[in-house]
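K.L.:
just a sequence and a predicted model for now, questions to come.
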Amino acid sequence: MEKYFNNYKIFYFLIFFTLIYFQSMFGQLTIPSDHQLQSIIEKLQNGRIEELTVKDSEGLPDKCGLSLMFELQQNYQYFSSEQKSMIKKLLAPTERQKSVIVGNFRIHYDTSGIHTPSMLTPSNERMLTDKNYVKNWLDSSRVITQFVDSTAQIFNYVWDYIVNTLGYDTLRFEIGDNAYNIYISDLSYYGEIRWEPSSPLNPGQIPSRYATWILIDNDFMDVYTPSRGLPGLKVTAAHELHHAIQLGGYGFRDQDRYFYEITSTWIEDVIYDNINDYYQYIKNSAGQPRGHFANPGKSFIATDWVIEYSRAIWGKYIQERFSPAVMRRTWELMGIDSINQNSIKSLDDALKQINSTLKIAFVEFAKWNYFTGNRAVPGSYYSEAPNYPLIKECSTIELIGPSRTYTDSIETFSSLYLPVLYQGKKVTEIINNINFESASNHWILPYRFNYILSSTKVDDSYRDLGNGVFVMLDVSDPWNWSIGGLITTTQRSVVVFPNPFVTERNKSIQFLLPSTKDITSKLYVYTSNMELVFSNEYLINNYEPKINWNVTDARGNVLNSGIYLYVIILNNREHVGKFAVVRR
């Protein structure tokens, strides 16, 4: 009897994992309810994506409409003929009053009504509603034309950069069209991409490719504050245009939305490195971590309308550690006519072509994410690491007796940062789950581990952590895990970033300060002849201790080129150093 019972258990076990396999390969197996289908239609009718309203207490702006289109495409086969007809009408862009073709793009816009585009004033208000800027019809026409011309110039520049500089595939126009369509609309968020789900460019092939069109906001007044106006237009052009190339050149893979967003957000920074719109997804205004830096234990393949944008840092890591060509190669492999060539496999294949692997790179990526903020190492890891927040660590565990066990779990392809204290010396251990099969099959599951600490080396399975503790990771599948300790050092000096300060590239200089309980700090700046040119007292954020200074003297004039000496009073001591200013 027991034999038959065990056979039944094996049978149901195989059935269960077969269902998971087919779900991962072919998308969802569960047929959506009528309510779920109607909900998708209602989102289209509302003209925006409800789930994307990720507005926290600071009002994090909406980013991109790709999630709704993915949801629509994934469920399209289940809609009735009547619903599909309604979807087609809802997706079709409303024609604008005017259009103009410039280069590869046809820009559609209105000259009256709510969709009318407008440049912004220096105080980030619409020029069209400010009588100081618009006194008559002619002024109004100039403001509208300036926005339209800027849109055309920026989109053509971005297209040229993505295709001719970075080497990606070209755009696909809608059938019968001779330009790519951009619709300027009153969105109150950055923009979105759309396509007709029933009309792939390559019927019957995998992955399906689509001709798309883009909607962009008409003023970029309600986006991330540093990106308002033209900076918002620039990053939107980069983000959405790369989505267009992804979908038209490499195809739609319904389980890989996270990688579409990682790439498009990273591309923004490749083309417009000085805008840094993605900072809003890695930290809040107080410098506290957000997205990946707040949730490193969340699966690399997960999406929650914030974390996938924050993982633009993966593209930054690949770009600075290897080459931006690795990201392009990943997309080329994703475009192969194979149901198995998803983003995880393609990333691994692309990295293997340069003598690495996804597992190796992900472990190193986790290490890079530790050396940020006041732990940044000049000349190593991310070039913008001083601007990134500190990654969230677990609570410190201390070994007091001869041994102890720490038990926890993390998701598929994710990391945990565990500070270990022993006899006053702290080491942060990075525990990585690198279960390639799970990630490749899109299984986002928690994986449990036991982390065993001992004051003596019990056997060869224990390794020296570096602070007198010997540790061992107890898991059933050790090949899917990696651990590595980092000696935690306390920053004792001031780090200046950027140094040199180049006026045409930078707006301010940062003095990254040692950890402190002080709430204020004083800054004094002297010329090489010891002439005082600036002094001020600053309030200090203890979570992210730093001073931001716009490199102007006491009269508000930008400093001349030269070497300057700084003195910072903090923690009852003077921190002295030098920095250079280059005016061009």
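P.N.:
Structure's in. What do you need?
K.L.:
show me where pLDDT drops low in this structure?
P.N.:
For the chain, the stretches with pLDDT under 70 are 1-29, 47-62, 487-492, 542-543.
K.L.:
quick one, domains of it?
P.N.:
For the chain, automatic domain parsing gives the domain ranges 2-42, 45-252, 387-487, 495-582.
K.L.:
now the ones you listed as a markdown table including distance to Phe371 and mean neighbour count?
P.N.:
Bear in mind the C-beta positions are built from the backbone N, C-alpha and C, glycine included. Shown next, in a markdown table, are the domains of the chain (distance: least, CB to CB, whole Å; neighbours: other CB atoms under 10 Å):
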| stretch | distance to Phe371 | mean neighbour count |
| --- | --- | --- |
| domain 2-42 | 34 | 11 |
| domain 45-252 | 24 | 18 |
| domain 387-487 | 8 | 17 |
| domain 495-582 | 12 | 15 |
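K.L.:
which stretch among those domains comes nearest Asp337?
P.N.:
Across these, Asp337 has its closest neighbour in domain 45-252 (5.7 Å, CB to CB).
K.L.:
gap between the two ends of the closest one?
P.N.:
Start-to-end span of domain 45-252 (CA to CA, to the nearest Å) is 23 Å.
K.L.:
distance between it and the chain's centre?
P.N.:
Offset of domain 45-252 from its chain centre (CA atoms, centre = their mean, to the nearest Å): 19 Å.
K.L.:
quick one, strands of the stretch 201-350 of the chain?
P.N.:
For the stretch 201-350 of the chain, the strands defined by DSSP state E, counting those that start in this stretch cover 212-217.
K.L.:
mind listing the helices for it?
P.N.:
According to DSSP state H, counting those that start in this stretch, the stretch 201-350 of the chain carries its helices in the segments 230-245, 257-271, 279-282, 307-310, 312-321, 325-334, 343-352.
K.L.:
in TSV, list those along with distance to Asp553.
P.N.:
TSV is the format used below for the helices of the stretch 201-350 of the chain (distance: least, CB to CB, whole Å):
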stretch	distance to Asp553
helix 230-245	27
helix 257-271	32
helix 279-282	28
helix 307-310	37
helix 312-321	34
helix 325-334	43
helix 343-352	49
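K.L.:
can you lay out the domains of the chain as a markdown table showing distance to Tyr370?
P.N.:
Below are these laid out as a markdown table (distance: least, CB to CB, whole Å):
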| stretch | distance to Tyr370 |
| --- | --- |
| domain 2-42 | 31 |
| domain 45-252 | 25 |
| domain 387-487 | 6 |
| domain 495-582 | 16 |
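K.L.:
out of the helices of the stretch 201-350 of the chain, which gets nearest to Arg573?
P.N.:
helix 279-282 (31.2 Å).
K.L.:
what lies in contact with that closest one?
P.N.:
60-61, 224, 226, 265, 289-293, 306-307, 309-310, 312-313, 387-389 (CB atoms under 8 Å, 6 or more residues apart in numbering).
K.L.:
mind exporting it as PDB, just the C-alpha atoms?
P.N.:
Taking C-alpha atoms only, helix 279-282 is exported to PDB below (Å, rounded to 0.1, in the frame of the first residue of the first chain):
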ATOM      1  CA  TYR A 279      18.000  58.400  -9.400                       C
ATOM      2  CA  GLN A 280      14.300  58.700  -8.200                       C
ATOM      3  CA  TYR A 281      14.000  54.900  -8.300                       C
ATOM      4  CA  ILE A 282      17.100  54.200  -6.300                       C
END
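K.L.:
going forward, the N-terminal residue is numbered 478.
P.N.:
Shifting the count to begin at 478 puts that one at helix 756-759.
K.L.:
return the set of buried residues in it.
P.N.:
Burial within helix 756-759, assessed by neighbour count using 16 or more other CB atoms under 10 Å, is assigned to Tyr756, Gln757, Tyr758, Ile759.
K.L.:
and the residue nearest to the last one when sequence neighbours are not counted, how many neighbours?
P.N.:
The one in question is Ile759. Computed as CB to CB, 6 or more residues apart in numbering, the closest residue to Ile759 that is not its neighbour in sequence is Ser787, at 4.9 Å. Applying other CB atoms under 10 Å, we find 25 residues neighbouring Ser787.
K.L.:
do the same with the one 10 residues further on
P.N.:
A count of nearby residues for Glu797, using other CB under 10 Å, gives 15.
K.L.:
how close does it get to Ile790?
P.N.:
10 Å (CB to CB, to the nearest Å).
K.L.:
can you work out which residues contact both of these two?
P.N.:
Common neighbours of Glu797 and Ile790, using CB under 8 Å, 6+ apart, are Tyr859.
K.L.:
torsion angles phi and psi at Ile661?
P.N.:
Phi and psi for Ile661, reported as degrees, to the nearest 10, are phi -80, psi 120.
K.L.:
hmm, back to that, kindly reformat the buried residues of helix 756-759 as a markdown table containing distance to Lys566.
P.N.:
Below are the buried residues of helix 756-759 laid out as a markdown table (distance: CB to CB, whole Å):
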| residue | distance to Lys566 |
| --- | --- |
| Tyr756 | 39 |
| Gln757 | 34 |
| Tyr758 | 34 |
| Ile759 | 39 |
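K.L.:
how about the contacts made by the nearest residue to Ser618 once chain neighbours are set aside?
P.N.:
Leaving aside its sequence neighbours, Ser618 sits nearest to Thr588 (CB to CB, 6+ apart; 7.4 Å). Listed by CB under 8 Å, 6+ apart, the contact partners of Thr588 are Gln574, Lys575, Ser618, Ile621.
K.L.:
ok and the helix or strand harbouring Ala629 relative to strand 689-694, angle-wise?
P.N.:
Assessed by DSSP states H and E, Ala629 sits inside helix 614-637. For helix 614-637 against strand 689-694, the angle by axes from the mean of the first three to the mean of the last three CA atoms, to 10 degrees is 140 degrees.
K.L.:
ok so, going back, now for the domains of the chain, which one comes closest to Arg806?
P.N.:
Nearest of those to Arg806, taken as CB to CB: domain 522-729 at 9.5 Å.
K.L.:
so Asn957 makes contact with Ile911?
P.N.:
Yes: if you go by CB atoms under 8 Å, Asn957 and Ile911 touch, sitting 5.9 Å apart.
K.L.:
the residue nearest to Ser618 and Asn695, how far apart?
P.N.:
Relative to Asn695, Thr588 is positioned 12 Å away (criterion: CB to CB).
K.L.:
for Leu643, same thing?
P.N.:
Leu643 is 28 Å from Asn695, by CB to CB.
K.L.:
next one: Pro594
P.N.:
The gap separating Pro594 from Asn695 is 4 Å, by CB to CB.
K.L.:
who touches both of these two?
P.N.:
Taking CB under 8 Å, 6+ apart as the criterion, Pro594 and Asn695 both touch Tyr586, Phe624, Ile661.
K.L.:
need those residues in CSV with distance to Gln554, can you?
P.N.:
What follows is the shared contacts of Pro594 and Asn695, written out as CSV (distance: CB to CB, whole Å):
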residue, distance to Gln554
Tyr586, 35
Phe624, 40
Ile661, 33
